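>>> below: sequence and its predicted model.
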Amino acid sequence: MKTVLIVFALVVLALALPLFMTPATLPEGLDRNLPWQITIDASGNSEVFGLTPGQSRLADAKALFGGDFDVAVIAASEQVGALEADCAQRSFGPLLGRLILTLEASQEEIVAMRGRALRREYREGSNKKFTLHPDDRARAEDAVIRAISLIPNARLEEETITRLFGAAAETLPEGERLTHYLYPDKGLDIVIDKKGRDILQYVAPGDFAKRIRAPLETTSAPGGA
């Protein structure tokens, strides 16, 4: 029994170790394509996980991570929804997390996809999943990635966030459960959920005000959704 506990403790330590390191202190040879490794080019575009929000396409992500993305329209109640590609579990160095790509598609295109969907099913809460027709799935290969979301298995603490990503430009509460750590220059919003899963949301820095900050101004205001 003692041996089993020791092995278990070593595994937990190995998984947690990257959360207590900065990029500069990572061991030589460790995969450096990690969530806090965001690069900004001369044009102000960001790259993370080898992808550039606003430029890279679903086909690029599949070439990097493999072809097992579940592409579907995901819609909350009374909403048109969004076109998403869900990669249920991936390793980023020693870290595990769920990767979700939001793809560019107009509301008209999404409505049409919903009408051609092969299957409709309810997911968590009141969300609906519309399984795409093969023709729509093929067209989605060329869709631009509008946003990248990572839901890590490990919980994040403020101290860890600051150490790995630097000090947030702004910290904004949303309701009683959520806190947003905003990094507009990196196109990053880290959402800490007291009662659920944390999430890291990456968009092009030039889209940050429209896609992240503006919606938060609405939901964080008194009486907001």
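Received, thanks. Residues are numbered from 1 along each chain as shown.

>>> and stretch 147-165, how far apart are its ends?
Its start and end residues considered, stretch 147-165 measures 18 Å (CA to CA, to the nearest Å).

>>> how about residues contacting it?
Outside stretch 147-165, the residues that touch it by CB atoms under 8 Å, 6 or more residues apart in numbering are 15-16, 19-23, 35-36, 48-49, 51, 53, 92, 95-102, 168, 181, 183, 186, 188, 190, 192, 197-203, 211. Where C-beta positions appear, they are placed from N, C-alpha and C, glycine not excepted.

>>> stretch 174-194 too?
With CB under 8 Å, 6+ apart, stretch 174-194 has contacts from 38, 40, 46, 53, 156, 158, 161, 165-166, 168-173, 195-196, 198-209, 212-213, 216, 219-220.

>>> buried set for that stretch?
Within stretch 174-194, the residues scored as buried using 16 or more other CB atoms under 10 Å are 178-184, 186-192.

>>> all helices for this protein, in order.
Taking DSSP state H as the criterion, the chain carries its helices at 2-16, 58-65, 107-116, 134-140, 158-165, 208, 214-220.

>>> ok, the closest residue to Ala209 other than its chain neighbours to Ala168 distance?
Closest residue in space to Ala209, ignoring its immediate chain neighbours: Pro184 at 7.2 Å, by CB to CB, 6 or more residues apart in numbering. Pro184 is 10 Å from Ala168, where distance means CB to CB, to the nearest Å.

>>> rewinding a little: look at the residue nearest to Ala209 and report its pLDDT.
Predicted confidence (pLDDT) for Pro184: 97.

>>> now for the lengthiest strand in the chain, which elements pack on it?
Under DSSP state E, the strand in the chain containing the largest number of residues is strand 82-92. If contacts are counted by 3 or more CB pairs under 8 Å, 6 or more residues apart in numbering; DSSP states H and E, strand 82-92 sits against helix 58-65, strand 70-75, strand 95-103, helix 107-116.
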